[in-house]
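# Please find the sequence and the predicted model below.
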Amino acid sequence: MRFRRLEWAAPDELAAGIREWFGGGRAPADVSAIASVVAEEGDAGLLRLTAEFDATEVTPETLVVELDEADDALDALDPEVEAALRIAIENVAIVASAQLTEGEREVLLPQGQTVAVGEVPVAAAGIYAPGGRASYPSTVVMGCVTARVAGVERLVLVAPPGADGRINKTTLAAAAICGVDEIYAVGGAQAIFALARGTESIKPVNVIAGPGNDWVQAAKKAVFGEVGIDSLAGPSDLMVILGEDTDPELAALDLCAQAEHGAESLLLAVGPSPEVMDRLQVEVEKIAAAQPSVQDCRLAMVVAPSAELAVDLANAFAPEHLQLMDESSAALAGRIRTAGCVFTGPEAATAFGDYVAGSNHVLPTDGTGKIFGPLSPATFRRRTARVSLNAAAVAELAGPLDALARAEGLPVHGMSATARNSHGESEE
């Protein structure tokens, strides 16, 4: 673990400097060649790219994972793991259901017309579960449960195969519990292009959701507009705000837990004094030395003049996860505007949100919390409107509409409206 102590500065300036140290200025991945392979070669191209880029030591013969394989994985699953998955699924479903609107609402306007507004689910969603150094059945839960609660009918899961050429069995078991309709053993940017544009085996979806590396995020950017996306959810990041009495071991464990996601993980600790930072660094070094899963990550450390200024830094930094571990910062949680998910109090470790608390762990990273939010049913639903006019409404609105249309140089719009007015008069 590498450490860097930074001097306090204006929050916007300091936030930019921290991200720059973590590689915020790196060039985006160029996925255009992968897009061409998927478009021109279809399934064959996906199989070739999987053999080239993923961890598999077995040349795959097909992308399709039969649902029986997921059921078999569930039958063989450790009962404790299955019970944990079911708790996570239940809690995520409860939280997701609470975010749904209460059906369609019809509004009567002063001129007599009605406008009905509501939401409908998209027809198909693709969930990306990352692979690589770890498997992520928890991401299957976060994406698939939320999409089902939203009302999505066709649910597709893609995940990169492991060394044996197959998707991790716990990931498959989670897919079986969640009732996934289709599973494909393919990952990376090529999986995103396949979900968006289709191949012989994979029919296109309407929305793609799930975290991934820079290549996955670059592909999501490239297909946005052809399909909807959840957010730009790349390498994990965590900001922890400590107080004088914060247990440094707990804070260190929380930081090192996010370091398990890989060397690109962004870790930031903010405390009230150099002494607090010293105690934290000792604990982080101790854990990192003993745990092989905590690789060569970096931890930025800042002493803030006050809890209020620490919160200002959080808003400027827009962390994926934000832990407010002391009473002073937790009391300011209502001021947080940009974090993907906020955890308040010493007991609220980010790991709970990653797995079983019920909140969603698919969150905006790299500072994009300023424009995106957590994965929710809204990701998989589109708003609708339905308009009805009676004769009285036509009589009152056709004239104003005609005037506006002529002002814009679109006279036929006005003719379309006034014709209804004339039609109504002729029927009388």
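On my side now, so go ahead.

# Only C-alpha atoms from now on, for both contacts and neighbour counts.
Will do.

# Take stretch 190-199, keep the C-alpha atoms, and write them as CSV.
Provided in CSV are the C-alpha atoms of stretch 190-199 (Å, rounded to 0.1, in the frame of the first residue of the first chain):
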residue,chain,number,x,y,z
GLN,A,190,-17.2,-7.0,-26.6
ALA,A,191,-20.0,-8.1,-24.2
ILE,A,192,-21.4,-4.5,-24.1
PHE,A,193,-21.4,-4.2,-27.9
ALA,A,194,-23.1,-7.6,-28.2
LEU,A,195,-25.8,-6.6,-25.8
ALA,A,196,-26.3,-3.3,-27.6
ARG,A,197,-26.2,-4.5,-31.2
GLY,A,198,-26.7,-8.2,-31.1
THR,A,199,-25.0,-11.3,-32.6
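
# Centroid-nearest residue for the chain?
Nearest to the mean C-alpha position of the chain, by Cα atoms, centre = their mean, lies Val362 at 3.5 Å.

# Next, give phi and psi for that one.
phi -90, psi 100 (degrees, to the nearest 10).

# Within the helices and strands, which one has Phe96?
Just so we're on the same page, residue 96 is Ala rather than Phe. Per DSSP states H and E: Ala96 is located in helix 79-98.

# Show me what counts as buried in that helix.
Across helix 79-98, burial judged by 16 or more other Cα atoms under 10 Å covers 82, 85-97.

# Give me the phi and psi for Val302.
phi -130, psi 140.

# same thing with the one 10 residues further on?
Taking degrees, to the nearest 10, you get phi -60, psi -40 for the backbone angles of Asp312.

# ok, it - contacts?
Pro11 (Cα atoms under 8 Å, 6 or more residues apart in numbering).

# what's the distance between it and Pro377?
Distance, Asp312 to Pro377, by Cα to Cα, to the nearest Å: 30 Å.

# ditto for Val284
37 Å.

# and what of Gly112?
Taken as Cα to Cα, the span from Gly112 to Pro377 is 33 Å.

# Could you do Arg5 as well?
Taking Cα to Cα, one finds Arg5 at 40 Å from Pro377.

# now swap in Val294 and tell me
Counting by Cα to Cα, the gap from Val294 to Pro377 is 33 Å.

# Same drill for those two, tell me which one is more crowded.
Each of Val294 and Pro377 has its neighbours counted (other Cα atoms under 10 Å); Pro377 has more, 26 against 20.

# Just to check, the more buried one is in contact with Gln99?
Yes - contact criterion Cα atoms under 8 Å: Pro377 and Gln99 qualify, at 6.9 Å.

# Ends of stretch 169-187, what's the gap?
16 Å.

# ugh, wrong one, stretch 154-164
End-to-end distance (Cα to Cα), stretch 154-164: 28 Å.

# after the host helix or strand of Glu41, next one along is what?
Per DSSP H and E: Glu41 is located in helix 32-53. Downstream of helix 32-53, the first helix or strand assigned by DSSP H and E is strand 64-65.

# quick one: stretch 156-174 to chain centroid distance?
Relative to its parent chain, stretch 156-174 has a centroid offset of 20 Å by Cα atoms, centre = their mean, to the nearest Å.

# May I see the buried residues of that stretch?
156-162, 165-174.

# For that stretch, what does the pLDDT average out to?
For stretch 156-174, the mean per-residue pLDDT is 94.

# Check stretch 139-149 too.
Rounded mean pLDDT across stretch 139-149 is 96.

# Next: stretch 71-87.
93.

# May I have the predicted confidence score for the closest residue to Ala263 other than its chain neighbours?
Distance criterion Cα to Cα, 6 or more residues apart in numbering; nearest residue to Ala263, sequence neighbours excluded, is Cys297 at 4.6 Å. Model confidence at Cys297, given as pLDDT, is 83.

# do Glu327 as well
93.

# contacting residues around it?
Counting by Cα under 8 Å, 6+ apart, Glu327 has contacts Gly243, Gly345.

# Distance of it relative to Val240?
Noted for Glu327: a distance of 13 Å to Val240, by Cα to Cα.

# Leu397 now?
56 Å.

# Comparing these two, which residue is more hemmed in?
Taking neighbours as other Cα under 10 Å, Leu397 and Val240 compare with Val240 leading, 26 against 18.

# so the more buried one makes contact with Gln323?
Yes - Val240 lies in contact with Gln323 (Cα under 8 Å); the separation is 4.7 Å.

# CA atoms only: put the helix holding Ala96 into PDB for me.
Extracted in PDB, the C-alpha atoms of helix 79-98 (Å, rounded to 0.1, in the frame of the first residue of the first chain):
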ATOM      1  CA  PRO A  79     -26.300 -23.400   2.100                       C
ATOM      2  CA  GLU A  80     -24.800 -20.400   4.000                       C
ATOM      3  CA  VAL A  81     -23.900 -18.700   0.800                       C
ATOM      4  CA  GLU A  82     -27.400 -19.400  -0.600                       C
ATOM      5  CA  ALA A  83     -29.000 -18.000   2.500                       C
ATOM      6  CA  ALA A  84     -26.900 -14.900   2.300                       C
ATOM      7  CA  LEU A  85     -27.800 -14.400  -1.400                       C
ATOM      8  CA  ARG A  86     -31.500 -14.700  -0.500                       C
ATOM      9  CA  ILE A  87     -31.200 -12.200   2.300                       C
ATOM     10  CA  ALA A  88     -29.500  -9.800  -0.200                       C
ATOM     11  CA  ILE A  89     -32.100 -10.400  -2.800                       C
ATOM     12  CA  GLU A  90     -35.000  -9.800  -0.400                       C
ATOM     13  CA  ASN A  91     -33.400  -6.500   0.900                       C
ATOM     14  CA  VAL A  92     -32.500  -5.200  -2.500                       C
ATOM     15  CA  ALA A  93     -36.100  -6.000  -3.700                       C
ATOM     16  CA  ILE A  94     -37.600  -4.100  -0.700                       C
ATOM     17  CA  VAL A  95     -35.500  -1.000  -1.300                       C
ATOM     18  CA  ALA A  96     -36.100  -1.100  -5.000                       C
ATOM     19  CA  SER A  97     -39.800  -1.500  -4.600                       C
ATOM     20  CA  ALA A  98     -39.900   1.500  -2.400                       C
END
